[in-house]
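> Okay, sequence plus prediction incoming.
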Amino acid sequence: MTTTTTAAPTLPTDPSPLDRIVGFYQTVFTGQLDESPEHKTMVKELIEEAFTTGYTYNGKPMAPDALVAWRESLLERFPQMVFRVHDILSGPVSVKSGSPVSGVAMRWAIDTIDTAGTHWRIDGMSLLSIEGGKAASNVQLGDATDGWYRVPGANDDA
């Protein structure tokens, strides 16, 4: 009798661009105002590691510190926020540069509660370019500053 053994399939050890994007957004845009200093430091380091040099947001250069500051301003306005992915798609875009470039398209929402207990939401779509595992650009549809709307039918405390 002959015994044949088959090696177990191996899975990639590095997360895919899609997994990196989802993890990044869920970590950065889910939070509470009273987060520990250690958590805030972890989020800041995640943001700093996620961008390529020359990263752009809607065609304009954006430094990691600007996103850290924006996140903090959101938490001041909305002491509780939860990021949700509605739809996401990822695929290779180019390999001409020597480093593969992936594109990620994601439709998302952030649900929040303000200091008065009112529930708010913003919906958006991000089209990201990922180079060497880092975000090179984000073209975002949806007004991240003034696009918030009150969630109809939410059980507000106010």
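Right, received. Where do you want to start?
> what's the closest non-adjacent residue to Gly59?
Val139 (7.3 Å; C-beta to C-beta, 6 or more residues apart in numbering). The C-beta positions use only the backbone N, C-alpha and C, and glycine is treated the same way.
> ditto for Glu131
Val101 (5.2 Å).
> mind listing the helices in the chain by residue range?
Secondary structure of the chain by DSSP state H: the helices cover 17-28, 37-50, 64-77.
> To Ser126, which of these lies closest?
Closest to Ser126 of the helices of the chain is helix 17-28 (C-beta to C-beta; 8.0 Å).
> for the closest one, packing partners?
helix 37-50, strand 80-94, strand 101-113, strand 119-131 (3 or more C-beta pairs under 8 Å, 6 or more residues apart in numbering; DSSP states H and E).
> want to try JSON lines for the ones you listed, with distance to Arg71 as columns?
Output for the helices and strands packed on helix 17-28, formatted as JSON lines (distance: least, C-beta to C-beta, whole Å):
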{"stretch": "helix 37-50", "distance to Arg71": "7"}
{"stretch": "strand 80-94", "distance to Arg71": "9"}
{"stretch": "strand 101-113", "distance to Arg71": "11"}
{"stretch": "strand 119-131", "distance to Arg71": "13"}
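> quick revisit: compare the helices of the chain and give me the one nearest Val93.
helix 17-28 (10.0 Å).
> Need the mean per-residue confidence for that closest one.
The pLDDT scores in helix 17-28 average 89.
> Stretch 93-107 too?
Rounded mean pLDDT across stretch 93-107 is 79.
> Quick one: end-to-end length of that stretch, please.
19 Å (C-alpha to C-alpha, to the nearest Å).
> thinking again about what came up before, so which of the helices of the chain comes closest to Arg84?
helix 17-28 (8.5 Å).
> List of residues touching that closest one?
If you take C-beta atoms under 8 Å, 6 or more residues apart in numbering as the criterion, helix 17-28 is touched by 15, 43, 46-47, 50, 67, 71, 83, 85, 88, 90, 102, 104, 106, 108, 128, 130, 133, 135.
> I am finished for the moment; much appreciated.
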